[in-house]
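In: Prediction below, plus the sequence it came from.
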Amino acid sequence: MNENVDQRLIDGSGILARLRNVSFDYGGKPVIKNVNLELKKGSSYSLIGQSGTGKSTLLNLAAGFLRPKEGSIEILSKPLKGTRKETAIMFQELALFPWQTVYQAALMPLKMSNGKDKNGMEERVIKLLEELGLTELKDKYPHQLSGGERQRTALARGLIGEPDLLLMDEPTSSLDTVTKESIQELIRKQQQKLQATLLFVTHDIEEALLLGEKILLLNGEGSVLTIDNPCYLRKQQRKDLAFYEQCIYLKELLM
Ligand SMILES: Nc1ncnc2c1ncn2[C@@H]1O[C@H](COP(=O)(O)OP(=O)(O)OP(=O)(O)O)[C@@H](O)[C@H]1O
């Protein structure tokens, strides 16, 4: 059991991240206004909202890249003071290093956090690459991979440290439908396996319904509305009438 899981057991509140009266502005231009939000351990949240409402800003605040101008953010009941190694972040632009193979990219976070203690590292990487369907590609460099394969590599790099918080900013937006669906499935499976909290920014309402137990709608006023998602985990959701009804409802909310 890693130290990260230990911490989850110690903190019995059931809440992984708590935002209290969080406000943020860029040079005086308000973006996030007085947001109160609790993200439960092991739950998944899709963050939607019109372009420019501040979704990426909120994600960057939760990642510790930005500090709130007012209010506070706590992770596992402790004030967030910067980035933390238990938070995995995945963006649309992947920033894979051109000189690293798939295997090396997945190994890097372990090497950085474990130093010289190589015990079990290789086995962990090999197992994860297998789960993500990357075994055959492990010696390839980013320029030799398709967009979906690069996303899976970025996913491996993010998941190898067994994060408790997954922050994803439109990671599938540049992918074709079939590849997108396979990545969504991998994200769902891995998030559930790790019992990590997922905060997933997307413009795609279907994707939001597939990945989020709850939908967080960031409105133009900079505040967040939490909406239950009855479609989550429903089998064959895409063929389900309730799924489409929920899509239409959310689209109307967004307009
Ligand atoms: N570094 C920055 N400096 C100044 N303004 C910024 C900066 N980053 C974002 N903004 C502004 O803050 C607002 C929110 O941006 P943000 O990227 O968080 O929105 P978003 O909801 O993620 O947008 P989109 O859906 O288009 O990706 C926008 O008006 C944007 O122009």
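Out: Thanks, I have it.
In: quick one, phi psi at residue 33?
Out: phi -120, psi 110 (degrees, to the nearest 10).
In: Quick one: neighbours of it, just the number.
Out: 18 (other C-beta atoms under 10 Å). All C-beta spots, glycine's among them, are computed from the backbone N, C-alpha and C.
In: try the one 3 residues further on
Out: Burial of residue 36, expressed as a neighbour count using other C-beta under 10 Å, amounts to 12.
In: Paired strands for the helix or strand containing it, with orientation please.
Out: Following DSSP states H and E, one finds residue 36 within strand 29-40. Using DSSP bridges, strand 29-40 pairs in its sheet with strand 15-26 (antiparallel).
In: Could I have the CA atoms of the partner strand written out in PDB?
Out: The C-alpha atoms that make up strand 15-26 are tabulated as PDB, following Å, rounded to 0.1, in the frame of the first residue of the first chain:
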ATOM      1  CA  ILE A  15     -13.900  14.400   0.800                       C
ATOM      2  CA  LEU A  16     -10.700  14.600  -1.300                       C
ATOM      3  CA  ALA A  17     -10.800  18.300  -2.300                       C
ATOM      4  CA  ARG A  18     -12.700  21.200  -0.800                       C
ATOM      5  CA  LEU A  19     -13.000  24.600  -2.400                       C
ATOM      6  CA  ARG A  20     -14.200  27.300   0.000                       C
ATOM      7  CA  ASN A  21     -15.400  30.700  -1.400                       C
ATOM      8  CA  VAL A  22     -12.700  30.500  -4.100                       C
ATOM      9  CA  SER A  23     -12.400  33.500  -6.300                       C
ATOM     10  CA  PHE A  24      -9.800  34.100  -9.000                       C
ATOM     11  CA  ASP A  25      -9.100  36.900 -11.500                       C
ATOM     12  CA  TYR A  26      -6.500  37.600 -14.200                       C
END
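In: Pull out the buried residues from it.
Out: Residues 15, 16, 17, 18, 19, 22, 24 are the ones in strand 15-26 that count as buried (16 or more other C-beta atoms under 10 Å).
In: Stretch 52-62 too?
Out: Residues of stretch 52-62 classed as buried by neighbour count (16+ other C-beta under 10 Å): 53, 54, 55, 56, 57, 58, 59, 60, 61, 62.
In: Could you confirm whether stretch 57-68 reaches the ligand?
Out: Yes: contact of stretch 57-68 with the ligand (C-beta under 6 Å from any ligand atom) involves residue 57.
In: Give me the distance from stretch 247-255 to the chain's centre.
Out: On the basis of C-alpha atoms, centre = their mean, to the nearest Å, stretch 247-255 sits 23 Å off its chain's mean C-alpha point.
In: got the CA coordinates for it in PDB?
Out: Extracted as PDB, the C-alpha positions of stretch 247-255 are listed here (Å, rounded to 0.1, in the frame of the first residue of the first chain):
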ATOM      1  CA  CYS A 247     -28.000  15.300 -23.000                       C
ATOM      2  CA  ILE A 248     -30.800  17.500 -24.300                       C
ATOM      3  CA  TYR A 249     -31.500  18.900 -20.800                       C
ATOM      4  CA  LEU A 250     -27.800  19.700 -20.300                       C
ATOM      5  CA  LYS A 251     -27.500  21.300 -23.800                       C
ATOM      6  CA  GLU A 252     -30.500  23.500 -22.900                       C
ATOM      7  CA  LEU A 253     -28.800  24.500 -19.600                       C
ATOM      8  CA  LEU A 254     -25.700  25.400 -21.600                       C
ATOM      9  CA  MET A 255     -27.400  27.600 -24.100                       C
END
